[in-house]
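*Asks:* Have a look; sequence and predicted model below, questions after that.
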Amino acid sequence: MQSEKKRDTMLQTEDNRSTNQVKKETSNVYKVDKLNLWYGKDQALKDITLDIPEKTVTAIIGPSGCGKSTFIKTLNRLTEMVPIVKTSGEVYYRDNNIFNKKFSVEKLRTKVGMVFQKPNPFPKSIYENVVYGPRIHGIKDKKVLDEIVERSLKDAALWDEVKDRLKENAFGLSGGQQQRLCIARCLAIEPDVLLMDEPTSALDPISTLKIEELVQELKKKYSIIIVTHNMQQAGRISDRTAFFLNGEVVEYDDTSNIFSSPQDQRTEDYVSGRFG
Ligand SMILES: Nc1ncnc2c1ncn2[C@@H]1O[C@H](COP(=O)(O)OP(=O)(O)OP(=O)(O)O)[C@@H](O)[C@H]1O
């Protein structure tokens with residue numbers, strides 16, 4: 001009996017490794033279990049099983065077309081807007097099955113904000129961009145909205161640059177400032193998770209550095225999942241890295257392990273620049 005118990009524990013430990021689960025003492029913001037996704041007949045995600053720990057930066061890397069964007073869009077149910085998409089498996093956000101009909105997608109998206117590759121501010125003032133979400137949530141009090149604007153822009157490291165021009169159109173900002181405004185817009189509704197899909201790929205090196213520094217600050221309060229093509233960036237800013245290939249997770253581990261001692265030859269080939 002005793003040895004059976006021991007074997008079960010060992011099996012479970014093995015299983016934990018092979019299913020990419022994170023150590024027990026860490027709280028997970030997401031738990032993804034055997035997620036498959038098809039665009040019509042084409043399968044874009046295959047049996048993805050991984051846990052994403054809270055208040056860390058998780059990087060998703062892999063060559064073009066391997067399913068990185070599809071994966072993070074699935075985390076706030078954006079993929080279901082594509083009519084031909086079919087999924088199987090489970091995605092739990094803080095123990096809620098996000099595919100469960102009773103779990104509202106609106107609620108999910110108030111907790112999980114998304115920043116896209118190209119900055120996409122609304123054609124409105126800087127102020128109105130930030131208060132857009134809070135207004136939808138029924139906040140009308142000017143003092144409260146002013147406080148949200150200041151807090152969100154400070155958290156997005158943009159306040160000092162824009163505090164004297166809040167009424168000006170957001171399109172007058174530089175690309176990097178627009179991207180930080182989009183981050184501020186997400187932060188205004190006090191999310192739990194920030195999904196970032198190649199947030200710096202349209203930016204110059206200085207703006208990129210600012211966003212990278214910002215991500216390091218934001219992870220103190222938020223859980224961040226970032227898709228990046230830039231391996232140096234993944235190495236610089238993430239704690240955990242998942243390497244995707246042809247819709248599968250080849251390897252998921254602490255970023256330092258992925259870059260210094262990958263377990264799979266394909267990961268090694270990719271991170272050392274031999275393909276992709
Ligand atoms: N809306 C869509 N309809 C049909 N197929 C799609 C759609 N979006 C993505 N795909 C396909 O799904 C696969 C994964 O695409 P995805 O955009 O997730 O990859 P990616 O790793 O993010 O690529 P990239 O690095 O080039 O952005 C690709 O084969 C792509 O052609």
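*Replies:* Cool, the structure landed. Numbering: from 1, shown residues only.

*Asks:* hey, where'd the strands end up in the stretch 51-200 of the chain?
*Replies:* 57-61, 85-93, 96-97, 112-115, 193-197 (DSSP state E, counting those that start in this stretch).

*Asks:* tell me the most buried of those strands?
*Replies:* Neighbour counts (mean count of other CB atoms under 10 Å) averaged over each of the strands of the stretch 51-200 of the chain peak at strand 57-61, with a mean of 27. In this view, the C-beta of every residue, glycine as well, is placed from N, C-alpha and C.

*Asks:* chain center to that one, what's the gap?
*Replies:* Relative to its chain's centre, strand 57-61 lies at 8 Å (CA atoms, centre = their mean, to the nearest Å).

*Asks:* That strand to strand 193-197, inter-axis angle?
*Replies:* Calculated by axes from the mean of the first three to the mean of the last three CA atoms, to 10 degrees, strand 57-61 forms an angle of 30 degrees with strand 193-197.

*Asks:* Kindly export strand 57-61 (C-alpha atoms) in CSV.
*Replies:* Provided in CSV are the C-alpha atoms of strand 57-61 (Å, rounded to 0.1, in the frame of the first residue of the first chain):
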residue,chain,number,x,y,z
VAL,A,57,6.1,37.4,-17.4
THR,A,58,5.5,34.4,-19.7
ALA,A,59,6.9,34.6,-23.2
ILE,A,60,5.5,32.7,-26.1
ILE,A,61,8.1,32.2,-28.8
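
*Asks:* which strands and helices sit next to that strand?
*Replies:* Counting by 3 or more CB pairs under 8 Å, 6 or more residues apart in numbering; DSSP states H and E, the packing neighbours recorded for strand 57-61 are helix 68-75, strand 223-227, helix 231-237, strand 240-245.

*Asks:* by contact count, what packs against the first one?
*Replies:* Using 3+ CB pairs under 8 Å, 6+ apart as the contact definition, the elements that helix 68-75 packs against are strand 28-39, strand 42-53, strand 57-61, strand 85-93, strand 112-115, strand 193-197, strand 223-227.

*Asks:* same thing with the third one?
*Replies:* In this structure, helix 231-237 makes packing contacts with strand 57-61, helix 205-218, helix 255-260, judged by 3+ CB pairs under 8 Å, 6+ apart.

*Asks:* could you redo the last one with a cut-off of 10 Å?
*Replies:* Packing contacts for helix 231-237, counted by 3 or more CB pairs under 10 Å, 6 or more residues apart in numbering; DSSP states H and E, involve strand 57-61, helix 205-218, strand 223-227, strand 240-245, helix 255-260, helix 265-271.

*Asks:* Relative to residue 129, which of the ones you listed is closest?
*Replies:* The minimum distance between residue 129 and the helices and strands packed on helix 231-237 falls on helix 205-218, with 16.9 Å, by CB to CB.

*Asks:* In the closest one, which residues are buried?
*Replies:* Neighbour counts using 16 or more other CB atoms under 10 Å place 207-208, 210-212, 214-215, 218 of helix 205-218 among the buried residues.

*Asks:* for stretch 159-169, same thing?
*Replies:* Per 16+ other CB under 10 Å, stretch 159-169 contains these buried residues: 159, 161-162, 166.
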